[in-house]
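**Student:** structure of the sequence below:
(one chain, ligands or ions: 1)
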Amino acid sequence: MIANGFESMDKERVRKRPRMTWDEAPAEPEAKRAVIKGHGSDGRILSPPLRDDDRDGHYVFSLRDNLTPRYKILSKMGEGTFGRVLECWDRDTKEYVAIKIIRSIKKYRDAAMIEIDVLQKLVKSDKGRTRCVQMKNWFDYRNHICIVFEKLGPSLFDFLKRNKYSAFPLALVRDFGCQLLESVAYMHELQLVHTDLKPENILLVSSENVKLPDNKRSAANETHFRCLPKSSAIKLIDFGSTVCDNRIHHSIVQTRHYRSPEVILGLGWSYQCDLWSIGCILFELCTGEALFQTHDNLEHLAMMERALGPLPEHMTRKASRGAEKYFRRGCRLNWPEGANSRESIRAVKRLDRLKDMVSKHVDNTRSRFADLLYGLLAYDPSERLTANEALDHPFFKSSS
Ligand SMILES: Nc1ncnc2c1ncn2[C@@H]1O[C@H](COP(=O)(O)OP(=O)(O)OP(=O)(O)O)[C@@H](O)[C@H]1O
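**Tutor:** Take a look at the predicted model:
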């Protein structure tokens with residue numbers, strides 16, 4: 001059963017990604033929450049006392065503190081490599097906001113300034129169609145860059161997790177896919193490559209959801225329920241790794257499961273690496289399971305070959321110095337001979353061909369979806385669908 005697919009896997013294969021809890025917004029009405037703490041005896045609104053950062057350079061806060069006199073901290077919404085995201089009440093605009101407080105470490109501060117630059121580009125060029133999170137403000141506070149965003153809901157990963165990794169209905173996957181491709185088409189038009197697309201970085205605009213009976217039943221014949229978002233509107237977040245030019249790059253980018261073959265093989269990457277990630281994401285939304293559940297390059301390539309067929313020789317021959325060790329005589333993948341363990345070989349064997357994995361979740365007559373995935377997961381970036389081409393795919397024209 002998909003819902004428990006991960007539980008049945010070996011422990012070390014369970015994906016470990018730090019996520020915050022579901023819908024942490026406190027239940028109290030705002031008016032009640034925003035009073036008293038943080039006011040001086042004369043009623044003036046104060047900043048909290050100076051505190052040392054923690055040893056990782058994170059800003060140390062207490063709930064209900066003021067961040068600055070303007071923003072009151074209500075809850076912690078998330079945490080990433082760059083910093084923590086806090087739900088705050090903006091006393092000036094009288095609205096909830098999400099403030100990303102960057103760690104006070106130079107490399108993260110520098111990256112945050114690049115993120116701000118990207119966010120400004122996105123806002124400036126916004127023709128009312130962007131599905132990228134909107135930055136409202138930013139400031140440098142006690143050596144922490146703080147980026148103020150519109151407050152969004154849970155991520156698609158939070159939703160999958162909450163539903164015990166059971167798949168989204170195909171109609172919803174279509175809706176998410178279309179919006180995701182539109183936002184990436186828009187970024188690419190602005191010569192921006194996101195480079196870190198994953199379900200964690202796609203947030204629902206609203207936190208409202210509905211609980212529906214699932215058609216699965218437990219052993220005790222109890223009805224299962226699952227949560228679905230009330231609205232399918234989504235936005236992209238996390239532009240901390242976004243690259244702003246149309247050159248070919250050679251650094252390692254993308255979160256492992258969503259990493260494209262050209263990045264792993266060191267062939268150089270550009271816009272098309274985002275489309276590979278979208279292929280992996282759409283598969284995951286439709287099946288509930290990550291397509292390439294791995295942490296190792298050779299195993300990752302072996303999984304790709306299992307699902308998508310052999311890597312093209314013209315790519316394997318050009319593999320960089322670091323990657324050529326994965327191949328024998330320059331072109332054939334050194335698998336299973338090069339595997340680290342039997343468990344690794346078994347993990348690869350558990351995968352099927354992509355279309356067979358998809359057909360377990362999506363009925364056969366809907367093979368347009370599998371066809372779209374093959375287009376997004378084309379090994380050769382020059383043959384991979386662009387965002388606009390993918391939007392033109394028949395999958396997005398059908399409603400069944
Ligand atoms: N505008 C927002 N509204 C609500 N929650 C948000 C918002 N922005 C970020 N979050 C939450 O905070 C988490 C961390 O944010 P973000 O991904 O921007 O941080 P990061 O440090 O850049 O992460 P990473 O380690 O993936 O690079 C997100 O996964 C999400 O749960």
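**Student:** okay, now the residue in the stretch 251-400 of the chain that the ligand sits nearest to: neighbour count?
**Tutor:** Taking CB to the nearest ligand atom as the measure, the stretch 251-400 of the chain has residue 255 as its residue closest to the ligand, at 7.3 Å. For glycine as for every other residue, the C-beta is placed from the backbone atoms N, C-alpha and C. Other residues near residue 255 come to 17 when the count uses other CB atoms under 10 Å.
**Student:** buried set for stretch 376-390?
**Tutor:** Neighbour-count burial for stretch 376-390 flags 376, 377, 378, 379, 381, 384, 385, 386, 387, 390 (criterion: 16 or more other CB atoms under 10 Å).
**Student:** let me see the ranges of the strands in the stretch 1-150 of the chain.
**Tutor:** For the stretch 1-150 of the chain, the strands defined by DSSP state E, counting those that start in this stretch cover 66-68, 71-79, 83-90, 95-102, 135-141, 144-150.
**Student:** and the residue nearest to residue 338 when sequence neighbours are not counted, how far from residue 270?
**Tutor:** Leaving out its chain neighbours, the residue that sits closest to residue 338 by CB to CB, 6 or more residues apart in numbering is residue 298, at 5.4 Å. Separation of residue 298 from residue 270 (CB to CB, to the nearest Å): 25 Å.
**Student:** more crowded one of those two?
**Tutor:** Counted by other CB under 10 Å, residue 298 and residue 270 do not tie: residue 298 has more neighbours, with 22 against 17.
**Student:** in contact with the more buried one, which residues?
**Tutor:** Residues near residue 298 by CB atoms under 8 Å, 6 or more residues apart in numbering: 326, 333, 334, 335, 338, 339, 340.
**Student:** so how do I select the buried members of those residues in ChimeraX?
**Tutor:** Filtering these down to the buried ones (16+ other CB under 10 Å) takes a single ChimeraX command:
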select :326,333,335,338,339
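**Student:** any chance of the contacts of residue 298 in a markdown table, plus pLDDT?
**Tutor:** Formatted as a markdown table, the contacts of residue 298 follow (pLDDT from 0 to 100):
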| residue | pLDDT |
| --- | --- |
| 326 | 91 |
| 333 | 94 |
| 334 | 93 |
| 335 | 95 |
| 338 | 92 |
| 339 | 93 |
| 340 | 92 |
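**Student:** related to what we said a few turns ago, right, and the strands of the stretch 1-150 of the chain - which one's nearest residue 193?
**Tutor:** When the strands of the stretch 1-150 of the chain are compared by CB to CB, strand 135-141 sits nearest residue 193, at 18.8 Å.
**Student:** give the pairing partners of that closest one; include direction for each.
**Tutor:** Its sheet considered, strand 135-141 pairs with strand 144-150 (antiparallel) by DSSP bridges.
**Student:** and the ligand, is the strand it pairs with touching that?
**Tutor:** Yes: using CB under 6 Å from any ligand atom, strand 144-150 reaches the ligand at 149, 150.
**Student:** residue contacts, the residue nearest the centre of the chain?
**Tutor:** In the chain, the residue lying closest to the centroid (CA atoms, centre = their mean) is residue 198, at 2.5 Å. Residue 198 sits next to 157, 255, 257, 258, 277, 281 when contact means CB under 8 Å, 6+ apart.
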